[in-house]
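>>> Kindly return the folded structure for what I paste below:
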Amino acid sequence: MAGNQRSRNTGIPRVYDKSSGEYRPVFGHQGNAPNRRSGKYATPQRRAEARRRRKRRALIAFYLFVFVTVIACAAALSLTVLFKIDTVSVEGKSSYPADQIISLSGIKKGQNLFLTNTDAAEKRILQNLPYIGAVNVKRRLPARILISVSEEPVCGVISYNKKFVVLGASGKVLEIVDQVPANQTLIQGVTLTDASVGKAAVYKDSTQKTMFEDLIAAIEAAKLDKVTKIDLSKTYQITVVYDNRINMNLGPASDLEKKLRFGKNILESGKIKNTERGALDLSTSAEDEHAYFDPNYSVSSGKTS
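The predicted model follows:
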């Protein structure tokens, strides 16, 4: 009895053992050495806590399953029933009709808005419509496709295999024609080895190509319009014909933009009359800001090859 009394006063949790008829201390309690049977005699509090943990895990798994199911159903609905394209439109400046652009894009009404391959549509338009310089196919909720296009600027016409290549500002071949189109700049002194519509032109001489691109960039930067002919036959004497009547001698390929701006200021100031024809020497204008005009100089037509 005294032994049982001492055991009761120790403060150690005990459980009743039917085999021995005695109360045994709970193993695993602080002050007892742990062993493999430490979890056998769990207290009611521990068993309740274990049940709560199992319940929480089951609820988390259930809610996760419901969430995944809802997301999957929503995705399936959006790809099969919702977001069907009902409008395809074109905006921007282009020489091609909107119906042709839409047809070549491959996008049709009824297709899913998010499954439509916009990158492939852009590539098809650029490959088949060379006069389009840039295209952007955009999705517009809830069910619209907008195709934005811009025109490829024409920088000139180059003779090639007894025909003429219409060249875009980006170097892309826009068209191959039998005659020089009206109001287009004729480019001489540049030789092409390959020209395919919709692709970049291939030049025979890389130095010639660089000089030509630099000159085109300088003309655009100087905002000089009415250029009817460019001649790069002589690298030390680059010439630009303005309005089919003023032959502008730029000299070597240096300070081209500055020379062109100087010449443009002379033309716009009225120092050369709108009816005059002749040669304007700008070869040294970048250094001394002087130009020399010869009204007796004969300017050949910019429209002849």
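
>>> show me where the stretch 51-200 of the chain has helices.
In the stretch 51-200 of the chain, the helices defined using DSSP state H, counting those that start in this stretch lie at 98-105, 118-128.

>>> Tell me the buried residues in the shortest one?
When you say that, I think you mean helix 98-105. Under the neighbour-count criterion of 16 or more other Cβ atoms under 10 Å, helix 98-105 has 101-102, 104-105 buried. From N, CA and C alone the C-beta is placed, and that goes for glycine too.

>>> what about it, average pLDDT?
Averaging pLDDT along helix 98-105 gives 95.

>>> Apart from its chain neighbours, what residue comes closest to K223?
In this structure, K223 finds its nearest non-sequential neighbour in K264, 7.5 Å apart by Cβ to Cβ, 6 or more residues apart in numbering.

>>> ugh, wrong one, S233
Distances taken as Cβ to Cβ, 6+ apart place G189 nearest to S233, at 3.6 Å, with adjacent residues excluded.

>>> can you check M211 too?
Closest residue to M211 apart from its sequence neighbours, by Cβ to Cβ, 6+ apart: A253 at 5.0 Å.

>>> now swap in I102 and tell me
Using Cβ to Cβ, 6+ apart, the nearest residue to I102 is V88, at 5.2 Å.

>>> How about E276?
Distances taken as Cβ to Cβ, 6+ apart place P295 nearest to E276, at 5.7 Å, with adjacent residues excluded.

>>> Confirm for me that that neighbour is in contact with T275.
No - using Cβ atoms under 8 Å, P295 makes no contact with T275, being 10.6 Å away.

>>> if we can go back for a sec, pull the most distant pair out of the buried residues of helix 98-105.
Greatest spatial distance among those (Cβ to Cβ): I102 and L104, at 7.5 Å.

>>> rewinding a little: pairing partners for the residue nearest to I102 in the sheet, please.
Beta-bridge pairing of V88 under DSSP bridges involves I145.

>>> shaky segments in the stretch 151-300 of the chain?
In the predicted model of the stretch 151-300 of the chain, residues 297-300 satisfy pLDDT under 70.

>>> For it, which segments count as strands?
In the stretch 151-300 of the chain, the strands defined using DSSP state E, counting those that start in this stretch lie at 154-160, 163-168, 173-177, 186-188, 192-194, 202-203, 227-231, 238-242, 246-251, 278-281, 292-294.

>>> any residues touching the last one, and which ones?
Meaning strand 292-294. 266, 271-272, 278-281 (Cβ atoms under 8 Å, 6 or more residues apart in numbering).

>>> chain center to that strand: distance?
Mean-position distance between strand 292-294 and its chain equals 47 Å (Cα atoms, centre = their mean, to the nearest Å).

>>> re the thing from before, would you turn the buried residues of helix 98-105 into TSV with distance to L224?
Below are those laid out as TSV (distance: Cβ to Cβ, whole Å):
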residue	distance to L224
I101	32
I102	37
L104	35
S105	37
